[in-house]
Structure formats: C-alpha cells, structure tokens
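A.B. asks: The following comprises the amino acid sequence and a computationally predicted model.
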Amino acid sequence: MFRKTPPPQPEMFGLQSLIGSKKMERLEGSWAGEFRRNILPLIDEEKFAEFYDPDQGAPNTSVRMLAGMLFIKDMDDLKDREILEHLEWHAQVQYALGV
C-alpha cells in the first residue's frame, strides 16, 4: 500500500533537544542541510505509487528516505551495511533524510 511521506512535525524530543542549538546551526549549514532542503524535495514519490498494491500489504517506508539513502550511499561510496549504520548513528545522515 502506497502512502506519501507526511510533512515533518516539530518533535518534543527531536534532534535539536539532543544536540543543542549551536550544533544544530552547524548541522543546518553542512551538506546535510543542503541535502534536506534541495535534494529531498526533488524526489517525486508519486512516481513510485504504481509499484504498490492499493489494497494489500502494509504501508510503504518513505520512498523519499529510501531514495535519499541510495543517493548518500552512492555519494560516499558506502556498502549497504555502512549506510544502515550511518542512518542509525550519524546525525548528519539522520538530519539529511529527515529521520
């Protein structure tokens, strides 16, 4: 079942509450901020809807996040395991993908 990525909501315990405002400013000024502002919005999730059954199955993971992961994986020449580790542990990757 296809569903578009919902718009981001402010989080009570989001990344900014964990790293502070100074580091958040640096994060927004890094490649991750550029990626989040300029690359993610270009990914048209609607083009992927035809690949999902409209009635059966669980809703999809964010197509925007998955495609973004592939871009970052290619950009940094990472292996599958490495991009998954980056997604779990690296604030820049999490911020870039809107996780």
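C.D. replies: Here it is on my side, so go on.

A.B. asks: Helices of the chain, residue ranges please.
C.D. replies: Counting by DSSP state H, the chain has helices at residues 15-19, 21-29, 31-34, 63-75, 80-89, 91-97.

A.B. asks: Please list the residues outside the shortest one that contact it.
C.D. replies: Right, helix 31-34. Contacting residues not belonging to helix 31-34 are listed as 27, 91-93, 95-96 [Cβ atoms under 8 Å, 6 or more residues apart in numbering]. To be clear about C-beta, it is placed using only N, CA and C from the backbone, and glycine gets the same treatment.

A.B. asks: roughly how far out does it sit from the chain middle?
C.D. replies: Between the mean C-alpha location of helix 31-34 and the chain-wide mean there is a distance of 12 Å, by Cα atoms, centre = their mean, to the nearest Å.

A.B. asks: contacting residues around residue 96?
C.D. replies: By Cβ under 8 Å, 6+ apart, the residues touching residue 96 are 31-33, 35-36, 40, 68, 72.

A.B. asks: ok, now how distant is residue 24 from residue 30?
C.D. replies: As for residue 24, its distance to residue 30 is 11 Å (criterion: Cβ to Cβ, to the nearest Å).
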